[in-house]
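A.B. asks: Sequence first, predicted model second:
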Amino acid sequence: MTEEAVPPVVEPVASTTAPATVAGSVADPVEDERPYLAEVFGLAKKLDGTWPLFARSLDPATDPARLRGRYRSAAVSTARWSIRRRNVDGYVSLLALLLMFAVACTVLVTIFSVDSWQELGSAVGGLVVFFGIVAWAENRRHRLLFRFLINPLVNVVGFGCFPVALYGRYASGPASAIDLAGRWWMPIVQSIGVFCVGLLLAWAPVQGAMRLWDRESPTFPAEPLFEHLTTILARTEPDRRGQLPPKARQEILTLLAKVAVLLRAGIPAAARGGTSLTRAVVRARAIEASKAVADLQLWIALPSPTSHDDFRTRIAELTRTILLGEYDRLPIRETTPEATRRTWHARVVETTRTLIIALVPLAVLLVVHRLGLTLPSPFDDGALIAALAWAVVLLLGLLDPNFPTHLAAVRDLTSLNPFTEKNSGRRLSP
């Protein structure tokens with residue numbers, strides 16, 4: 001197949017027909033949009049530069065010329081979406097960090113009584129040294145010693161400071177535990193533990209909010225899928241030995257996992273307006289496509305002489321499906337004995353992981369009770385109820401894969417109740 005010339009991406013030009021403003025009073029909107037347009041143009045050009053790889057990996061029976069315009073349009077729309085989402089993610093992360101900093105300082109002063117200048121100096125110095133060590137270890141994460149020993153040790157020390165701080169603050173015995181609160185190094189432990197837990201608690205809502213934003217989108221997630229798939233195509237170029245570099249292999253595996261998650265979550269979101277049966281069928285089809293993409297990770301982790309070429313063909317066909325909007329052509333999982341065996345292994349791992357996640361809050365409450373720590377009166381019962389509800393919901397989801405569909409159906413039925421506050425205006429007159 002001969003490769004056609006790749007026409008350049010046309011840079012979008014802002015309108016210059018806006019009325020002129022008084023000099024120095026209002027900024028020129030064209031000037032304000034130039035950095036954004038330049039960023040969009042750079043990313044769109046980068047995404048569109050993968051067209052030769054895409055056209056070369058297509059099935060020979062496919063005419064690439066019919067897809068060229070769609071590919072260019074998808075590159076521009078994906079660039080706009082990616083920059084907009086990155087900006088929103090940055091703003092939300094900044095607000096979460098500022099809120100976390102204020103809450104962490106309040107907790108240190110009010111709960112752990114770190115209020116003297118000497119204790120504050122020790123706490124600030126300990127934080128600077130600890131997070132300096134974290135940054136130093138993170139920059140060397142690619143080394144095996146740091147990845148498997150130093151980084152896990154730093155995480156254990158950082159998050160382990162929080163239970164030590166709680167134990168020294170609320171323990172009622174023995175005397176050695178009570179004396180911990182007066183040690184000179186306790187403000188350092190308290191500050192490290194509070195800020196580590198605060199970062200975790202700030203990171204979780206940000207990621208949850210961004211995932212909820214992605215899931216609640218009423219359209220198919222074509223832009224993120226196109227970005228991930230084109231990046232995978234760009235990373236499949238072998239080195240001089242005909243093999244994928246280790247860093248490229250790891251990035252492909254990560255991107256395949258993201259594509260599988262997007263297919264699993266994005267396809268049902270696009271069918272939210274249908275009936276319960278329609279949503280159930282679409283959800284089952286989404287799970288099937290997600291598992292088919294996840295199986296492609298084995299083609300990268302355990303390559304064969306032809307697996308790289310076959311892998312590029314599969315990725316190109318999935319990209320073609322996204323471009324044309326033919327979602328009924330999404331991949332289907334192969335029913336080979338090896339795939340069936342991997343399915344059972346994946347089910348065992350998923351079941352074990354779900355059980356562990358369901359029982360972690362109850363285990364934490366048990367450990368806290370064994371250590372002699374007591375929560376204030378309204379929070380002890382609330383923590384137990386929340387832990388039990390968490391375990392029940394996860395176990396129901398494990399026993400019934402269609403539990404979210406059933407829950408949505410019950411919610412739809414309750415919304416039709418004429419005696420609810422939402423439908424109070426439609427109650428039948430006696």
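C.D. replies: Received the coordinates, thanks.

A.B. asks: Can you check which helix is longest in the protein?
C.D. replies: Counting residues, the longest helix in the chain under DSSP state H turns out to be helix 68-110.

A.B. asks: and stretch 50-59, C-alpha only, in PDB?
C.D. replies: What follows is stretch 50-59, C-alpha atoms only, in PDB (Å, rounded to 0.1, in the frame of the first residue of the first chain):
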ATOM      1  CA  THR A  50       0.200   9.300  13.600                       C
ATOM      2  CA  TRP A  51      -1.800   9.100  10.400                       C
ATOM      3  CA  PRO A  52       0.900   7.200   8.400                       C
ATOM      4  CA  LEU A  53       1.100   4.500  11.100                       C
ATOM      5  CA  PHE A  54      -2.700   4.300  11.200                       C
ATOM      6  CA  ALA A  55      -3.000   4.000   7.400                       C
ATOM      7  CA  ARG A  56      -0.200   1.400   7.200                       C
ATOM      8  CA  SER A  57      -1.800  -0.800   9.900                       C
ATOM      9  CA  LEU A  58      -5.300  -0.900   8.400                       C
ATOM     10  CA  ASP A  59      -6.700  -3.900   6.600                       C
END
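
A.B. asks: Might you calculate how far that stretch sits from the centre of the chain?
C.D. replies: Remark: stretch 50-59 is offset 29 Å from the chain centroid, using C-alpha atoms, centre = their mean, to the nearest Å.

A.B. asks: try stretch 317-324
C.D. replies: On C-alpha atoms, centre = their mean, the centre of stretch 317-324 falls 23 Å from that of its chain.

A.B. asks: What residues sit buried inside that stretch?
C.D. replies: In terms of neighbour count (16 or more other C-beta atoms under 10 Å), stretch 317-324 has its buried residues at 317-323. To be clear about C-beta, it is placed using only N, CA and C from the backbone, and glycine gets the same treatment.

A.B. asks: In helices only, show me the residues you listed.
C.D. replies: Mapping the buried residues of stretch 317-324 onto helices (DSSP H) picks out 317-323.

A.B. asks: so who does R235 touch?
C.D. replies: The contact partners of R235, by C-beta atoms under 8 Å, 6 or more residues apart in numbering, come to 244, 248, 251-252, 255.

A.B. asks: What degree of burial does A209 show, as a neighbour count?
C.D. replies: Other residues within reach of A209 by the criterion other C-beta atoms under 10 Å amount to 14.

A.B. asks: wait, doesn't it sit right on V92?
C.D. replies: Yes: assessed by C-beta atoms under 8 Å, A209 is found in contact with V92 at 6.2 Å.

A.B. asks: re the thing from before, let's have the contacts of R235 in TSV, adding distance to L67.
C.D. replies: Formatted as TSV, these follow (distance: C-beta to C-beta, whole Å):
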residue	distance to L67
L244	26
A248	25
E251	25
I252	23
L255	21
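
A.B. asks: Can you tell me which of those is nearest A137?
C.D. replies: Ranked by distance to A137 (C-beta to C-beta), the contacts of R235 are led by E251 at 21.3 Å.

A.B. asks: residues touching that closest one, list them.
C.D. replies: Counting by C-beta under 8 Å, 6+ apart, E251 makes contact with 231, 235.

A.B. asks: elements contacting the longest helix of the chain?
C.D. replies: Applying 3 or more C-beta pairs under 8 Å, 6 or more residues apart in numbering; DSSP states H and E, we find helix 68-110 packed against helix 29-48, helix 51-57, helix 186-215, helix 222-235, helix 307-324.

A.B. asks: can you redo these as CSV with mean pLDDT?
C.D. replies: CSV is the format used below for those (pLDDT from 0 to 100):
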stretch, mean pLDDT
helix 29-48, 81
helix 51-57, 88
helix 186-215, 82
helix 222-235, 92
helix 307-324, 89
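
A.B. asks: follow-up on the earlier one: go through the contacts of R235 and name the one nearest W81.
C.D. replies: Comparing those against W81 with C-beta to C-beta picks out L255 as the nearest, at 16.5 Å.

A.B. asks: how about the helix or strand just after the longest helix of the chain: buried residues?
C.D. replies: Later in the chain than helix 68-110, the nearest helix or strand by DSSP states H and E is helix 117-139. Across helix 117-139, burial judged by 16+ other C-beta under 10 Å covers 119-120, 122-123, 126-127, 130, 134, 137.

A.B. asks: A38 and N87: what is the separation?
C.D. replies: 15 Å (C-beta to C-beta, to the nearest Å).

A.B. asks: hang on, E334 packs against D295?
C.D. replies: Yes: if you go by C-beta under 8 Å, E334 and D295 touch, sitting 7.1 Å apart.

A.B. asks: Just want to know which of these two has more residues nearby.
C.D. replies: Set side by side, E334 and D295 show more neighbours around D295, with 21 against 11, by other C-beta under 10 Å.

A.B. asks: What backbone torsions are found at L330?
C.D. replies: Note on L330: backbone dihedrals following degrees, to the nearest 10 are phi -60, psi 150.

A.B. asks: In contact with it, which residues are there?
C.D. replies: By C-beta under 8 Å, 6+ apart, the contact list for L330 reads 263, 267, 285, 288-289, 292, 318, 321.

A.B. asks: Tell me, what's the model's pLDDT at it?
C.D. replies: The per-residue pLDDT reported for L330 equals 88.

A.B. asks: From T306, how far off is L58?
C.D. replies: Taking C-beta to C-beta as the measure, L58 falls 17 Å from T306.

A.B. asks: Equivalent analysis for R68, please.
C.D. replies: Between R68 and T306 the distance is 28 Å, computed by C-beta to C-beta.

A.B. asks: out of these two, which sits in the busier spot?
C.D. replies: Set R68 next to T306 and count neighbours by other C-beta under 10 Å: R68 wins out with 17 against 9.

A.B. asks: ok, now which ones touch T50?
C.D. replies: 230, 233-234.

A.B. asks: just to revisit the earlier point, now, which of the contacts of R235 lie within helices?
C.D. replies: 248, 251-252, 255.

A.B. asks: May I see these organised as CSV, with pLDDT and distance to V364 added?
C.D. replies: Shown next, in CSV, are the ones in helices among the contacts of R235 (pLDDT from 0 to 100; distance: C-beta to C-beta, whole Å):
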residue, pLDDT, distance to V364
A248, 89, 40
E251, 92, 35
I252, 93, 37
L255, 93, 34
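
A.B. asks: which of those residues tops the neighbour count?
C.D. replies: Neighbour counts for the ones in helices among the contacts of R235 (other C-beta under 10 Å) peak at I252, which has 25 neighbours.

A.B. asks: Surely it touches P246?
C.D. replies: No: using C-beta under 8 Å, I252 is not in contact with P246; the gap is 10.8 Å.
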